[in-house]
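S.K.: Next comes the sequence, and after it the predicted model I'd like to discuss.
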Protein chains: 2
Amino acid sequence: MARNDSTAAQGADRLLASDLAQDLSFLVARLRSRGSAAANARLAPLDLKVRSYSVLSLACGDPSPSQRELAEFLWLDPSQIVALVDGLEGRGLVRRETDPSDRRSKLVLGTARGRELCARARVAASAAEDDSLRALGAGERAALRALLARAAFGPAD
Amino acid sequence: MARNDSTAAQGADRLLASDLAQDLSFLVARLRSRGSAAANARLAPLDLKVRSYSVLSLACGDPSPSQRELAEFLWLDPSQIVALVDGLEGRGLVRRETDPSDRRSKLVLGTARGRELCARARVAASAAEDDSLRALGAGERAALRALLARAAFGPAD
DNA sequence: TATTGTTATACTCTATAACTATA
DNA sequence: TATAGTTATAGAGTATAACAATA
């Protein structure tokens, strides 16, 4: 077993009093670990993971992203985008299209099959959010979303 | 270069309109990427990373944690804790002590040198938080902290 | 000369199972 | 029989450099 299953988690509560438990970066990291574990579990039946789902979701959106934009937005290296797009393209979920206005750049577009799978993946991702944020009500989730959006895309350094 | 340096990030703003940009799990993941990059940069002069800092910080706290508790609290596998404690112990920053009440269990305690380094690391971690959360004011950070604490330690699944 | 995508490589992180010693 | 720690190994994720095509 990796990490701790929920049935075994009952002994470390006394560490909640530690300084680290109030460290924002630590809290974000812990929530991400739990959240991505939940999301990967929900996406597994669709043969997707959080990273491939992110690429698929953006590719199926309205302004079709270039690989360069995907790398910037997902905070990944361009070379990692290549591998992710390769995987999705091999399954017929997205396709590359050279940008007519800049032949260096390749746009990534969702296929019909990709959009269909993406719709199902969104449902799975939403269920995973419920799994990992059970402690928060709808209003609190909205407040958290607004704060995170500003923090995640705001000026860094 | 890995990922994107801040000077080059200006082209993917149009993807902010995507569905994914409102996905809570995605926002948490992106903020964590940025936050841990900032924290690792600040901790590098002390030869620490976010994970080793987390262990050191807990070991230097008041209720000395067992390795089992560290694994549960940090959401890591027990086998990963072994490697992290090995590294810190080899540098004389923490030491293992068999729990008298259960000789299977080993408590991890910070040494004098470890506590001194930990104090400096806390300053670095705080500076990293400023780096990555520049977009939020003090009140917003407090609100975010409270929401994250409940979400990160609340019931999961 | 700079940028987009690509390939290749190495390194870190994470997952999993088996083993030991204690309980 | 169960639990805490350890070891070993494999796979996923990440970092870095070099190259071709295009600007």
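M.R.: Noted; the coordinates are in hand. Numbering: from 1, shown residues only, chains lettered A, B, ... in the order given.
S.K.: The worst-scoring helix or strand of chain A on mean pLDDT relative to helix B:24-43, how many degrees between them?
M.R.: Lowest mean confidence among the helices and strands of chain A (mean pLDDT, DSSP states H and E): helix A:24-43, at a mean of 92. With axes from the mean of the first three to the mean of the last three C-alpha atoms, to 10 degrees applied, the angle from helix A:24-43 to helix B:24-43 works out at 140 degrees.
S.K.: Which parts of helix A:24-43 count as buried, going by neighbours?
M.R.: Buried residues in helix A:24-43, counted by 16 or more other C-beta atoms under 10 Å in any protein chain shown: A:24-39, A:42-43. Quick note: C-beta positions are derived from backbone N, CA and C, even for glycine.
S.K.: pLDDT of the helix or strand immediately after that helix in the chain, averaged?
M.R.: Downstream of helix A:24-43, the first helix or strand assigned by DSSP states H and E is helix A:50-59. For helix A:50-59, mean pLDDT is 96.
S.K.: ok, whatever residue of chain A ends up closest to DNA strand D - how many residues close by?
M.R.: The nearest approach of chain A to DNA strand D comes at A:Arg103, 3.3 Å away (C-beta to the nearest atom of the strand). A count of neighbours around A:Arg103, defined by other C-beta atoms under 10 Å in any protein chain shown, yields 8.
S.K.: Tell me how far it lies from B:Ala151.
M.R.: Taking C-beta to C-beta, to the nearest Å as the measure, A:Arg103 falls 45 Å from B:Ala151.
S.K.: cool, A:Arg134 as well?
M.R.: Taken as C-beta to C-beta, the span from A:Arg134 to B:Ala151 is 9 Å.
S.K.: next one: A:Ser18
M.R.: 18 Å.
S.K.: ok, those two, which is more surrounded?
M.R.: B:Ala151 (25 against 20).
S.K.: Surely the more buried one and A:Gly137 touch.
M.R.: No: proximity of B:Ala151 to A:Gly137 does not meet the contact threshold set by C-beta atoms under 8 Å, at 11.2 Å.
S.K.: ok, the most centrally placed residue in chain A - contacts?
M.R.: The residue lying closest to the centre of chain A (C-alpha atoms, centre = their mean) is A:Val50, at 4.5 Å. A:Val50 is in contact with A:Ser36, A:Ala39, A:Asn40, A:Leu43, B:Ser25, B:Phe26, B:Ala29, counting by C-beta atoms under 8 Å, 6 or more residues apart in numbering or on different chains.
S.K.: For the third one, give its distance to DNA strand C.
M.R.: In this structure, A:Asn40 and DNA strand C are 8 Å apart, going by C-beta to the nearest atom of the strand, to the nearest Å.
S.K.: and what of the second one?
M.R.: If you measure A:Ala39 against DNA strand C using C-beta to the nearest atom of the strand, the figure is 12 Å.
S.K.: try the fifth one
M.R.: Using C-beta to the nearest atom of the strand, B:Ser25 is found at 15 Å from DNA strand C.
S.K.: So, low pLDDT: which residues of chain A?
M.R.: A:1-10, A:156-157 (pLDDT under 70).
S.K.: so the residue nearest to A:Arg14 when sequence neighbours are not counted, which of the three states?
M.R.: Closest residue in space to A:Arg14, ignoring its immediate chain neighbours: B:Pro63 at 5.1 Å, by C-beta to C-beta, 6 or more residues apart in numbering or on different chains. Here B:Pro63 is recorded as coil under DSSP: H, G, I helix; E, B strand; the rest coil.
S.K.: surely B:Pro63 meets A:Asp13?
M.R.: No: B:Pro63 lies out of contact with A:Asp13 (C-beta under 8 Å); the separation is 10.4 Å.
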